[in-house]
Structure formats: C-alpha cells, structure tokens
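# Provide a 3D model corresponding to the input given below.
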Amino acid sequence: MQIIGLNREELEDLVLELGEPRYRARQILDWVYKKGVDDFGQMSNLPVLFQQRLQAQGLVVSAVTPAGAAETADGTKKYLFRLSDGCGVEAVYIPEQKRKTVCFSTQVGCPVGCSFCATGRQGFERNLTAGEIVDQVRKIGLEKKTRITHAVAMGQGEPLANYAATLKALRLLNADYGLQMAARHLTVSTSGVVPAIYRLADEQLQINLALSLHATSDQLRSALIPLNRTYPLAQVIRACRDYAAKTNRRVTLEYIMLDGVNDGEDDLARLAELATGWLCHVNLIPYNPVPGGAYRPSPPQTCQRFLGYLQE
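Model prediction:
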C-alpha cells in the first residue's frame, strides 16, 4: 500500500490499527507533502518501533519512480515515471512567469482511441491509482525545487473514465494536508464522458473543465474521437454548458488545428457558434504530428485566421 494515495481519514484509521494515536497520521502527511520525505526511517518524530511496523506492513510512501526526462529550451520538461508493476506514464512540467503547471496522466494508455493521438495508438492497459496520479505532481515539484501552482489532467488517459481515482487525487492535491493547490487551479480534460461531467458538476469543487472538442460536426468528431458515437456533440456541449452554469467556472474548448481536416471556413463558423452565449473560451492548439500518422498541422496563417475571427 502507498501512503501517497491515502486521505487523512484513511491514514488515521491505519495508524490506529497499528496501535498509534491519531495524530501520527498528521505527522506522516507533513513529512510526505511538506518535506517531501519518502523514507519512514527519516521521519524523526515517529517512534522507531512505529517506523519499523510501517515497513513490516509492506507500506511505502511513493507510488512512482522517475525513469527519464527530456527538457526543451523554454524549460518545459517531460517526465517518464515507472510504476510498481513496470508500466510507464508521462507527465509534463510547464513553467510560466506566474505559474508552474504539471500536466499529469490518469491511465496507462487510453481507451478512447482518438485517431490523431499517440497515446490512443498505445491502447489501454489500466487505470492509475489516486496515489500514482498525485505522486506525479509531487515528484516533479520536488525535482524542480518549486511549488507547483496548477495541475491539469491532460496527460495519458481519459480522466473521467477513471473517475473515482481522479477525483480522489484532485482532493489530495487540494487538501490542506496535501499539496494545498487551489481548486480553481485544477483542471480536468475530457473527450466527453457526459454522465461523468454531470457527476463532476455535483461534487461542489471549484475545478475547471476542459473539453477535447476538435471538430464541430458529429461525422468528423466521430472519426477523430470514437467516443462521440456514444455521446454525440449536442449532448457533450449541453453537458458542458450545464457544468458552466452550475459551477460558474469557464469551460475550455480544446481545438487541435489539423490541416485540411477541421480548419475550413465552415468549421470556423460552427466553432464560433458553439462557443457563443455561454461561459467558455476556445484554446486553439497547434498539432504535434505523430510519426506515421495521417494528419498535418494547419499552416500558421490558418491558425491566425481562426484566432482573429474568434477574437472578433
């Protein structure tokens, strides 16, 4: 069992079972989240016998192990994390002047199978645990020696298809005993799992929702995102509008620009129409080609045309 995946109540129950007072849970959480310590033996205010009992129970603090990284000139850094069963997931650190963002994964692979996505080609292996999700953010903050201010469930996987673990991880990121990240600095990106969008709206968490839109007609969106055959575009947009109305949080419509696929004049007109009259904005995303893939990024002038029209 990994300590990083337990909330305070679960950890309190555990230390009570081990014959220790409830406050030991708070001490452990302080070492894990505030001091970044993974070794029970270094938690100096815990009795030595208790440290030994924790280890004897097969408990560990961390859920992921760094296994590689690649950094660009602007400081963006992609990390490969190895899990206890040998699987790997990626997360990305994005530094900006006023924020330090981590884009984290929620599944090994992805079951949605979007045709433009490298992860979609990988297939789906399993869901991540809450601890494996949270630990990506924690480990990157420790490695960069900085406080992570924003976190986005936009890495590998469909977060709302791993609903329970994703939500628990978000609560741990937000908790005063966890990484203390403001709920309004947490974002979930989904390809459009409609029932889960409504469920998320009822959680009374001020987190942000982002929709992987990428097309403005059912025919094209179903070709790009197979989940659209289950939850058509009108249902998805209605769910997002209802989310914005209920939470008063602006929804982001993500739109990858694909040359000759979704970047025509009709696409632009429909995109503007979809985004009109409710609390949302459009994030135009330059396409990063997948080796051997069929898609190409839209030319810069096309992207500028989209941007200018939407701004007007």
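
# Let me see the ranges of the helices in the stretch 1-150 of the chain.
In the stretch 1-150 of the chain, the helices defined using DSSP state H, counting those that start in this stretch lie at 8-17, 23-29, 48-56, 118-122, 130-144.

# Show me what the longest one packs onto, helices and strands only.
Under the contact definition 3 or more Cβ pairs under 8 Å, 6 or more residues apart in numbering; DSSP states H and E, helix 130-144 sits against strand 64-71, strand 77-83, strand 88-95, strand 100-104, helix 163-174. In short, each C-beta sits where N, CA and C put it, glycine included.

# Output the lowest mean pLDDT helix or strand found in the protein.
Ranked by mean pLDDT, DSSP states H and E, the weakest helix or strand in the chain is helix 118-122, scoring a mean of 79.

# Run the chain-centre distance for that one.
Distance, stretch centre to chain centre, for helix 118-122: 17 Å (Cα atoms, centre = their mean, to the nearest Å).

# same question, stretch 124-142
On Cα atoms, centre = their mean, the centre of stretch 124-142 falls 9 Å from that of its chain.

# For that stretch, buried residues please.
By neighbour count with 16 or more other Cβ atoms under 10 Å, stretch 124-142 contains the buried residues 124-125, 127-142.

# what's the answer for stretch 183-203, then?
By neighbour count on 16+ other Cβ under 10 Å, the buried set for stretch 183-203 is 183, 185-194, 196-197, 200-201.

# Go through the residues you listed and flag which are in helices.
Among the buried residues of stretch 183-203, DSSP state H puts 194, 196-197, 200-201 in helices.

# possible to save those as JSON lines with distance to residue 251 and pLDDT?
Converted to JSON lines, these look like this (distance: Cβ to Cβ, whole Å; pLDDT from 0 to 100):
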{"residue": "194", "distance to residue 251": "14", "pLDDT": "98"}
{"residue": "196", "distance to residue 251": "14", "pLDDT": "98"}
{"residue": "197", "distance to residue 251": "9", "pLDDT": "98"}
{"residue": "200", "distance to residue 251": "11", "pLDDT": "97"}
{"residue": "201", "distance to residue 251": "11", "pLDDT": "97"}
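
# ok, of those residues, which one's closest to residue 101?
Nearest to residue 101, judged by Cβ to Cβ, of those is residue 200 at 20.2 Å.

# Which residues does the helix or strand hosting residue 220 contact?
Per DSSP states H and E: residue 220 is located in helix 218-224. Helix 218-224 has contacts (Cβ atoms under 8 Å, 6 or more residues apart in numbering) with 114-116, 213-215, 228-229, 232-233, 261-262.

# at 6 Å instead, please
115, 214-215, 228-229, 232-233 (Cβ atoms under 6 Å, 6 or more residues apart in numbering).

# hmm, which of these are the buried ones?
Buried among these (16+ other Cβ under 10 Å): 115, 214-215, 228, 233.

# Can you flag which of the residues you listed belong to helices?
residue 233.

# which pair in the buried ones among the contacts of helix 218-224 spans the largest distance?
The span of the buried ones among the contacts of helix 218-224, defined through Cβ to Cβ, is set by 115 and 233 at 16.3 Å.

# quick one: the strands in the stretch 201-312 of the chain?
Secondary structure of the stretch 201-312 of the chain (DSSP state E, counting those that start in this stretch): strands located at 208-212, 251-257, 280-286.

# Tabulate those (TSV), appending mean neighbour count and distance to residue 307.
Formatted as TSV, the strands of the stretch 201-312 of the chain follow (neighbours: other Cβ atoms under 10 Å; distance: least, Cβ to Cβ, whole Å):
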stretch	mean neighbour count	distance to residue 307
strand 208-212	22	18
strand 251-257	21	10
strand 280-286	15	6
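
# nearest to residue 73, of these?
Closest to residue 73 of those is strand 280-286 (Cβ to Cβ; 16.7 Å).

# next one: that closest one to chain centre, how far?
Its chain's C-alpha centre and that of strand 280-286 lie 17 Å apart, by Cα atoms, centre = their mean.

# could you check the angle strand 208-212 makes with that strand?
Angle of strand 280-286 versus strand 208-212, following axes from the mean of the first three to the mean of the last three Cα atoms, to 10 degrees, is 50 degrees.
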